[in-house]
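*Asks:* take this sequence and fold it.
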Amino acid sequence: IVPPGHTLVLDASFDAEGHDGNMLKARITAFCPTESKPGEPTNVTVRAFAADGGWPWPANNDTDKYRLRHGLTMHWAVGFDFSADWGRPSDEMMPADYHSYREGEAVQTVFAQATSGDAETPGWEALQPHVLQLRLSVPAGVKALQFVLRHPPQHHDSEDRWYKADGDFHRPSNDFHLRLPKSKSGPYWCVWERMPEESQV
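*Replies:* Take a look at the predicted model:
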């Protein structure tokens with residue numbers, strides 16, 4: 001679900017709580033415009049959605065089985081000097097259109113329901129109600145975003161649920177690692193990595 005004129009910079013899977021309270025397989029993707037001017041911020045869109053056996057869903061399938069529970073939150077930081085840094089995001093990076101707050105060196109940003117205002121791939125209107133989304137404007141000096149995902153407690157006696165990426169891929173950490181373009185006019189990294197062990201949250 002990457003719209004035309006954009007490049008995929010993250011595609012990973014994880015287990016998460018669905019809207020009906022059961023755990024399900026989910027995916028998280030991120031993309032940014034393929035073309036941007038040197039020195040300008042990169043606009044990154046991050047989307048999370050259920051990816052169980054029901055994908056792709058029929059247009060009339062509106063059941064909770066294929067929805068992530070609302071409240072999904074990205075706990076994130078940035079890499080300035082090295083892509084695997086866990087650095088404090090600047091105030092200008094705090095997304096104004098989403099509920100965000102600081103927690104130590106990281107920022108917590110809550111996903112919102114995806115909108116349908118952009119030019120999208122065919123079939124997006126059927127998928128959009130099932131997709132959670134957030135958008136970030138990332139300054140040119142930032143090399144990468146590091147993050148994990150969480151759901152806040154549903155009840156007073158429950159705890160946060162924390163989610164990391166599936167698989168080990170021969171790396172010691174399963175935190176999500178989103179590498180931004182090498183340069184505003186150069187090639188893009190179109191695969192995802194995870195942080196080295198010393199950079200874990």
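
*Asks:* what's the spacing between the residue positioned nearest the centre of the chain and Ser90?
*Replies:* Nearest residue to the geometric centre of the chain (C-alpha atoms, centre = their mean): Val46, 3.9 Å. Separation of Val46 from Ser90 (C-beta to C-beta, to the nearest Å): 18 Å. C-beta coordinates here come from the backbone N, C-alpha and C atoms, glycine included.

*Asks:* which parts of the chain are strands?
*Replies:* In the chain, the segments counted as strands under DSSP state E are 6-17, 23-33, 42-50, 73-79, 100-103, 106-110, 112-113, 132-138, 144-151, 161-163, 176-179.

*Asks:* quickly, which of these bottoms out on average pLDDT?
*Replies:* Note on the strands of the chain: lowest mean pLDDT is at strand 176-179, with a mean of 86.

*Asks:* returning to what we had before: in CSV, list the strands of the chain along with distance to Ala126.
*Replies:* Converted to CSV, the strands of the chain look like this (distance: least, C-beta to C-beta, whole Å):
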stretch, distance to Ala126
strand 6-17, 20
strand 23-33, 16
strand 42-50, 12
strand 73-79, 25
strand 100-103, 30
strand 106-110, 24
strand 112-113, 15
strand 132-138, 16
strand 144-151, 24
strand 161-163, 25
strand 176-179, 26
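
*Asks:* which one of these lies closest to Gly123?
*Replies:* Of all those, strand 42-50 sits nearest to Gly123, with 13.0 Å by C-beta to C-beta.

*Asks:* and that closest one, which strands flank it?
*Replies:* strand 23-33 (antiparallel), strand 132-138 (antiparallel) (DSSP bridges).

*Asks:* in CSV: those strands, plus distance to Ser13 and mean neighbour count.
*Replies:* Shown next, in CSV, are these (distance: least, C-beta to C-beta, whole Å; neighbours: other C-beta atoms under 10 Å):
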stretch, distance to Ser13, mean neighbour count
strand 23-33, 5, 20
strand 132-138, 15, 20
